[in-house]
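In: Sharing a sequence plus its predicted fold:
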Amino acid sequence: MGFPQNRMRRLRRTEPLRALVRETTIEPGDLIYPLFICPGSGVRQPVGSMPGVFQLSIDEAVREAEQAASLGIGGLLLFGLPDTKDDQATGAWSDDGIVQQALRALKKTSAAGQLVLIADVCLCEYTSHGHCGIVVQTPEGFEIDNDPSLALLARTATSLAKAGADIVAPSDMMDGRIAAIRHALDAAGRTQTPILSYASKFASAFYGPFREAAESAPQFGDRRSYQMDGANFREAMLEIELDLDEGADMILMKPAMPYLDVVRAARDSIQVPIGAYQVSGEYSMLQAAFEKGWLERDRAILESLVSMRRAGADFIVTYFAEDAAKLL
Ligand code: PBG
C-alpha cells in the first residue's frame, strides 16, 4: 500500500466522482431556523449585531414560516420578546404570552404541516433581571435559586405545548428541569410532547449577539453558575446522561463549532437524536467576515454546517437556515 499504487486524487478528479464518495450530506430538512417574536404588527426590526436577522411581529413570523416551509426547512425555534418583564417571568408562562400567541397563529397556517415548531423554554427573555431562573438575595450577593425556578419552567413548557409547540426545548440549565417538565407535561395530558434538552450548554461569549436579538442580557452577574464551564468535557457527558435519565427525548449541543469534540463524543455514546446549535456569535463572526470580503460566503456557510453534521449532529439550529437551504 502506498504511492504510486495508491493515488488519493483519483477520486477527487471530477465533481460527479467527489459526489459519489462524499461521506456527509446536508439537506434543508436538517435545518432549524430560529425566530425572535416581538409585539405589534408589520414589525421587521433588524438586529444590529446579527445582519440578516430580525425581530418579527407575529404576522411577519407567519410570512417567514411560509418562506421557510417552501424552502423545505425542517422547523422553527421560537424565542419571544414580551411587552413587559418581571421577576417571575410572567410572560414566559402566561397563556397569552408572545410565543404562545405566535404558536397559535402559526398552527393555523399550511406551513405548520411542514415545519416542526420548537419552543425554547427559558425565563431570561421574560425576567426583569435577565437571568434564566428566580433570583434571591444572599449574604454574599445574589443567587439563581434552582428549585423554585423549576415550577416556572414546567409551567412555561406546559403552556407552550398547549399553545401548539411540537417540541419544547429547555435552555435554562437548572438541575432537574427535564424531570419537572416531563412530569408537568404528562399531568397536563401532553404525554406526546417531546423534550429537546439543551443538555450540554456551555457558558459562552458566543451568545453575545443573541442577547441583543432577544433583549435578554443579564442585568448583573453572568450565567456561569448555571451554564457549563467550556473547559469541561466529562461534565458535559454527565449532563447529557442525567437529562436522558430524567426523560429527555433528544439533546441539543451548544455552541457548535467550538465544541465539535463534545458533539462527536455524544454521538458515539448515546442513541437519541442530537442537534447542534450554531449560535449567534458563530453566525455573526461569519457575517462580519463576509461583509469584509474576507471569506467566501456560500462555501463558508456550507462548510460550517457540514462540520456539525460530520461531528454527528442529526440536525442543526442555524440563523443561516434559509440561506443554506437556497444553496442546497
Ligand atoms: C436562553 C438562550 C440563549 C441562547 C439560546 N437560548 C442565551 C443565553 O443562554 O444567554 C443563545 C442562542 C444564540 O446565541 O444564538 N437561555
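Out: Yep, that arrived. Numbering: from 1, shown residues only.

In: Which helix or strand contains residue 307?
Out: Taking DSSP states H and E as the criterion, residue 307 maps to helix 297-311.

In: Check which helices and strands that helix is in contact with.
Out: helix 260-269, strand 274-278, helix 280-292, strand 315-318, helix 321-327 (3 or more Cβ pairs under 8 Å, 6 or more residues apart in numbering; DSSP states H and E). Every residue, glycine included, has its C-beta placed from N, CA and C.

In: Could you list the residues in contact with that helix?
Out: Under the contact criterion Cβ atoms under 8 Å, 6 or more residues apart in numbering, helix 297-311 has outside partners 23-26, 30-31, 256-257, 260-261, 263-264, 267, 276, 278, 282, 286, 289-290, 316, 318, 320, 323-324, 327-328.

In: For the helices and strands packed on helix 297-311, give me TSV that also has mean neighbour count.
Out: Shown next, in TSV, are the helices and strands packed on helix 297-311 (neighbours: other Cβ atoms under 10 Å):
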stretch	mean neighbour count
helix 260-269	17
strand 274-278	27
helix 280-292	18
strand 315-318	26
helix 321-327	19
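
In: and of those, who's closest to the ligand?
Out: Closest approach to the ligand among the helices and strands packed on helix 297-311 is made by helix 280-292 (3.4 Å; Cβ to the nearest ligand atom).

In: count of neighbours near residue 167?
Out: Using other Cβ atoms under 10 Å, the number of residues around residue 167 comes to 20.

In: So what does it have for phi and psi?
Out: Phi and psi for residue 167, reported as degrees, to the nearest 10, are phi -140, psi 140.

In: Bridge partners for it, pull those for me.
Out: Per DSSP bridges, the residues bridged to residue 167 are residue 118.

In: Distance of it relative to residue 275?
Out: Distance, residue 167 to residue 275, by Cβ to Cβ, to the nearest Å: 10 Å.

In: Residues that sit against both of the two, list them.
Out: Common contact partners of residue 167 and residue 275 (Cβ under 8 Å, 6+ apart): 196, 250.

In: Tell me which helix or strand comes right after the longest strand seen in the chain.
Out: Looking across the chain with DSSP state E, the single longest strand is strand 31-38. For strand 31-38, the following helix or strand on the C-terminal side (DSSP H and E) is strand 44-46.

In: thinking again about what came up before, turn the helices and strands packed on helix 297-311 into a markdown table, columns for distance to residue 118 and mean pLDDT.
Out: Compiled in a markdown table, the helices and strands packed on helix 297-311 are given as follows (distance: least, Cβ to Cβ, whole Å; pLDDT from 0 to 100):
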| stretch | distance to residue 118 | mean pLDDT |
| --- | --- | --- |
| helix 260-269 | 18 | 98 |
| strand 274-278 | 9 | 98 |
| helix 280-292 | 17 | 98 |
| strand 315-318 | 8 | 98 |
| helix 321-327 | 12 | 98 |
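
In: among those, which is nearest residue 49?
Out: helix 280-292 (5.7 Å; Cβ to Cβ).

In: ok, the residue nearest to residue 170 when sequence neighbours are not counted - contacts?
Out: Ranked by Cβ to Cβ, 6 or more residues apart in numbering and with sequence neighbours excluded, the top spatial neighbour of residue 170 is residue 121, at 4.2 Å. With contacts defined as Cβ under 8 Å, 6+ apart, the neighbours of residue 121 are 92, 153, 156, 157, 160, 168, 169, 170, 171, 172, 181.

In: Show me the shaky parts of this protein.
Out: The chain contains no residues with pLDDT under 70.
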